[in-house]
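1. return atomic coordinates for the entry below.
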Amino acid sequence: MSASVESTARGARDSKVFTNLARLGFAVNGLMHVIIGLIAIGVATGGGGSADQSGALGQLSGNPAGTVILWVTAVGLIALGVWLIVSALLFPSQDKKEKAKELVTGLGKGIAYLAVGGTAVTFASGGSSDGESQVDSLSASLLAAPGGVIVLWALALVVIGIGGYFVFKGAKRRFIDDIALPGGTAGRAVVALGIAGYVAKGVALAFTGVLLSIAAATADPSQAAGLDGSLKALAELPLGQVILILIGLGFVAYGVYCFVRARIARL
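-> Down below sits the predicted model:
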C-alpha cells in the first residue's frame, strides 16, 4: 500500500462520520443479539421462532417501522464491517506475526459483519433469508463434492475454534482491551455483561461446530445446523431447556454489552 493511499485510508477510517457509523454497527448488532436471546428463551419455554440473525431480522421486518430499522441496521453493520477490514489492513505493527494475526482476525470479523449486513439489505428490500436452509444446502453440496467432507470438517473445526475463542475472551476478560472501561459500579456491570455474553455466544457457536462435525463424520447433511438449529438441539438434551434459557440470557447480556460498546469502543 503506497503512502498516499494509506494516508487517505487512515483519514477516512478516523473520520467522525465513519467512526460514528461503526459505532452504530455495534449498537444494531446488540439489538439483533437481544432479539436472538429473547427468541431462544421463548423456544426454551415452548415458543417458536428462529433464534439466529435471519430470525432477528425477520422480527424487525414485522415492526411498523421495520423497513427503516432494517436499513439502519444494514448501514451500521456494513460500515462496521468495512471499518474493521480497513483497520486490519492499516494495523501499525512491525511484528509480522502480530500483523498477520490482526489481519486475519480483522478480515474475518469484517466479512462476517458485511454478510449479516447484506442479509439485512435483503430483508429491507422486502426479501427474506433462511439461515438453516443455507447451512443444510451448503453441507449437502460439500458432502456431494470430491473432498467436500474434508472441507466440512475444516469448517466445523473453524466454528468450534471461534466458539472457543469467544469463551476464552469472555472468561479471561480480554474484551476489556476493546473498550474504554469506566470505573466503579458501571465498569463492573460492563465486565459482567461481557463475560456472560461472550461465554454464552461461544458455547452456542462451539455446539454449532460440533453438529457440523457430526454431519461430516456421518456424511449426513441433515445433522448439520446453524445457530437456530443448534440452540433447538440443545433444548432436547437433558436439562437442555435450562441451558437454553441461560444461553438466551447470555445473548441478551451480549446485546446490552454491544450497546455499551457502541459508546465506549476504542475506535
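2. where along the stretch 101-250 of the chain do the strands fall?
-> Using DSSP state E, counting those that start in this stretch, no strands are assigned anywhere in the stretch 101-250 of the chain.
3. where in it is pLDDT low?
-> In the predicted model, the stretch 101-250 of the chain carries pLDDT under 70 at residues 131.
4. now do the helices in it.
-> Per DSSP state H, counting those that start in this stretch, the stretch 101-250 of the chain carries helices over the ranges 131-144, 148-171, 184-218, 227-235, 240-264.
5. quick one: buried residues of the first one?
-> Translated: helix 131-144. Buried residues in helix 131-144, defined by neighbour count with 16 or more other Cβ atoms under 10 Å: 131-132, 135-136, 138-140, 142-143. For the C-beta atoms, the positions are set from N, CA and C on the backbone; glycine is no exception.
6. quick one: closest of the helices of the stretch 101-250 of the chain to Val82.
-> For Val82, the closest of the helices of the stretch 101-250 of the chain is helix 240-264, at 16.4 Å, according to Cβ to Cβ.
7. and the closest one, what other elements does it pack with?
-> Under the contact definition 3 or more Cβ pairs under 8 Å, 6 or more residues apart in numbering; DSSP states H and E, helix 240-264 sits against helix 16-44, helix 184-218, helix 227-235.
8. want to try TSV for those, with mean neighbour count as columns?
-> Listed next are the helices and strands packed on helix 240-264 as TSV, based on neighbours: other Cβ atoms under 10 Å:
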stretch	mean neighbour count
helix 16-44	21
helix 184-218	19
helix 227-235	22
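9. out of these, which gets nearest to Trp71?
-> Judging these by Cβ to Cβ, what sits closest to Trp71 is helix 16-44, at 10.5 Å.
10. how far away is Leu80 from Gly110?
-> Taking Cβ to Cβ, to the nearest Å as the measure, Leu80 falls 8 Å from Gly110.
11. when those two are compared, which one has more neighbours?
-> Leu80 (29 against 21; other Cβ atoms under 10 Å).
12. for that one, pull up the helix or strand it's in.
-> Element membership for Leu80 (DSSP states H and E) is helix 66-89.
13. what packs against that helix?
-> Using 3+ Cβ pairs under 8 Å, 6+ apart: helix 66-89 touches helix 3-13, helix 16-44, helix 53-61, helix 96-124.
14. rebuild these as a markdown table, extending it with distance to Ala217.
-> Formatted as a markdown table, those follow (distance: least, Cβ to Cβ, whole Å):
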| stretch | distance to Ala217 |
| --- | --- |
| helix 3-13 | 43 |
| helix 16-44 | 26 |
| helix 53-61 | 27 |
| helix 96-124 | 25 |
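15. any idea which of those helices gets closest to Leu231?
-> Nearest to Leu231, of all the helices and strands packed on helix 66-89, is helix 16-44, at 5.3 Å by Cβ to Cβ.
16. what angle do helix 240-264 and the closest one make with each other?
-> 170 degrees (axes from the mean of the first three to the mean of the last three Cα atoms, to 10 degrees).
17. no more questions from me, cheers.
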